[in-house]
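> Fold the stuff below for me.
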Amino acid sequence: MKVKAGVAASLVALLVLSTVTPVASATAQDTTERSFVVDLQEDGSATVTVTTTFDLTDQNETDAFEQLTNDQQARDRFETNFRNRMAGVASDASNETGREMSISDSTIDLRTDGDTGIVELSVTWDGLAAVDGNQLTVSEPFASSFTPDRAFSLHVPDGYEATTVSPSADSRADGTLTWNAGTSLDGFAVTAEQTDGGSESGASEPTSASTTDDSSGDGPGFGIGLTITALLGVGFLARRRR
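Numbering: from 1, shown residues only. The predicted structure follows:
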């Protein structure tokens, strides 16, 4: 119980800052919107990418983005803090589920698209999904009172179909399930099964899910959501207007 009680308090920082527009695809590199994307693999691992954006028509945000772009130490600190935060979440989720999880291969990518500065932080999350034959189930850490402040998307592997989804996704397309910003994912569970029909596009929307993972509200999730300034500890980001 001590582990559960301490998790939410220790994770006061991982999503970001402002109003979000839902993404239509789980391909993080193709979006200029703030997003949280889980790209699931057949072995139960996933690439997890958090994208945040800067309005380059706003001087404060332009200054912050340029400083991050030009300061290697700030970028390294940004990436390291993100990886460490994710590793802490994975450790707590591993303890709760009894399934080994680990974080590796962190990356940071900065680019611009018109008047938007884009920062993508990614990690490989080994063991995120439970694997049972040709079936994958994702639950923790998202099941424990996680309410993302941006669009949250899960992409199932090619040749898999999401057969059980809870809560119901706000949109489904080309193997991608997307929940709008502000959606409570308490009790989250998605089961994907291998099929002969390729991606799950066009499949009917399931209504409920079951999982062996504990999805109680004070479990190993992301708690109240994470602010980027707390995640990074990089002072200049606080200059962004709220």
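> partners of the helix or strand that contains residue 164 in the sheet?
Per DSSP states H and E, residue 164 falls inside strand 160-166. Sheet pairing of strand 160-166 (DSSP bridges) gives strand 189-194 (antiparallel).
> which of the residues in the strand it pairs with are buried?
For strand 189-194, burial by neighbour count (16 or more other Cβ atoms under 10 Å) applies to 189, 190, 191, 192, 193. For every residue, glycine as well, the C-beta is placed using N, CA and C.
> what's the answer for stretch 104-118, then?
For stretch 104-118, the neighbour count (16+ other Cβ under 10 Å) marks 106, 108, 116, 117, 118 as buried.
> Who is the fourth one paired with across the strands?
In this case it means residue 117. Beta-bridge partners, per DSSP bridges, of residue 117: residue 54, residue 112.
> helices or strands up against the lengthiest helix in the chain?
Ordering each helix of the chain by length in residues (DSSP state H) puts helix 72-97 first. For helix 72-97, the elements it packs on are helix 2-10, helix 59-70, strand 102-113, strand 116-126, helix 228-232, judged by 3 or more Cβ pairs under 8 Å, 6 or more residues apart in numbering; DSSP states H and E.
> tell me the mean pLDDT for the fourth one?
If I follow you right, that is strand 116-126. What strand 116-126 shows for mean pLDDT is 96.
> Also the first one?
If you average the pLDDT over helix 2-10, you get 32.
> when you give positions from now on, start the count at 224
I'll keep to 224 as the first residue from here, and by that count the last item is helix 225-233.
> before we move on, back to that, mind checking what helix or strand follows the strand holding residue 387 in sequence?
Counting by DSSP H and E, the next helix or strand C-terminal to strand 383-389 is strand 394-396.
> Return the alpha-carbon coordinates of the helix or strand just after that following strand using PDB.
Using DSSP H and E, the next helix or strand after strand 394-396 towards the C-terminus is strand 399-402. The C-alpha trace of strand 399-402 is given here as PDB (Å, rounded to 0.1, in the frame of the first residue of the first chain):
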ATOM      1  CA  THR A 399      -5.000   3.400 -33.800                       C
ATOM      2  CA  LEU A 400      -7.200   4.100 -30.800                       C
ATOM      3  CA  THR A 401      -7.400   7.700 -29.600                       C
ATOM      4  CA  TRP A 402      -8.800   9.200 -26.400                       C
END
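> Adjacent strands (with direction) for strand 399-402?
Using DSSP bridges, strand 399-402 pairs in its sheet with strand 374-378 (antiparallel), strand 394-396 (antiparallel).
> Serialize those to JSON lines and add fields for mean pLDDT, mean neighbour count and distance to residue 304.
Listed next are these as JSON lines, based on pLDDT from 0 to 100; neighbours: other Cβ atoms under 10 Å; distance: least, Cβ to Cβ, whole Å:
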{"stretch": "strand 374-378", "mean pLDDT": "97", "mean neighbour count": "26", "distance to residue 304": "21"}
{"stretch": "strand 394-396", "mean pLDDT": "95", "mean neighbour count": "16", "distance to residue 304": "31"}
